[in-house]
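1. here's my sequence, what's the structure:
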Amino acid sequence: MTRSLAASEWKVFRELRDVALDRFCDRTLDELGRLAADRSRSAHDRYLDAYRLIEERGRELSRAFDAPRRSQAMMQLALISSLELLTPEELSRFSPATRESIEVTAAYLRAPRWRERR
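-> Alright, predicted model coming up:
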């Protein structure tokens, strides 16, 4: 996945990147809320779980959203797609060739062997 996005798709990427980032943060905050609300576990255990979750989500956020550049946008789109942060309607705003590249790479990124290496 070495090609850059066309200028028109770069504009779409920048718009959808903000949408996906907001969804990612909402999802993470929801997860943290569920962890914190689990009164069947000690406060210390909940704290440790929250700490681990924030560390993991921070790594995911960094890979998918940091330093957006046209040369990196395809990989970032695949990462965002692998996290299921964009709807099919939103992805349909990209060209068929771009969507295919995103889908193939996102499927690879969702594979267990890749996720274990992170």
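
2. so where's this structure uncertain?
-> Within the chain, the stretches with pLDDT under 70 are 1-2, 113-118.

3. what about the helices in it?
-> Here the chain has its helices, by DSSP state H, at 7-37, 43-65, 73-82, 88-91, 96-110, 112-117.

4. most packed of those?
-> helix 73-82 (a mean of 22; mean count of other C-beta atoms under 10 Å). In short, each C-beta sits where N, CA and C put it, glycine included.

5. and that one, what other elements does it pack with?
-> helix 7-37, helix 43-65, helix 96-110 (3 or more C-beta pairs under 8 Å, 6 or more residues apart in numbering; DSSP states H and E).

6. can you show me the CA trace of it as CSV?
-> The C-alpha coordinates for helix 73-82 follow below in CSV (Å, rounded to 0.1, in the frame of the first residue of the first chain):
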residue,chain,number,x,y,z
ALA,A,73,-3.4,8.3,4.3
MET,A,74,-4.0,4.9,2.7
MET,A,75,-2.5,3.0,5.7
GLN,A,76,-4.3,5.2,8.1
LEU,A,77,-7.6,4.6,6.3
ALA,A,78,-6.9,0.9,6.5
LEU,A,79,-6.2,1.1,10.2
ILE,A,80,-9.3,3.2,10.8
SER,A,81,-11.4,0.8,8.8
SER,A,82,-9.9,-2.2,10.7
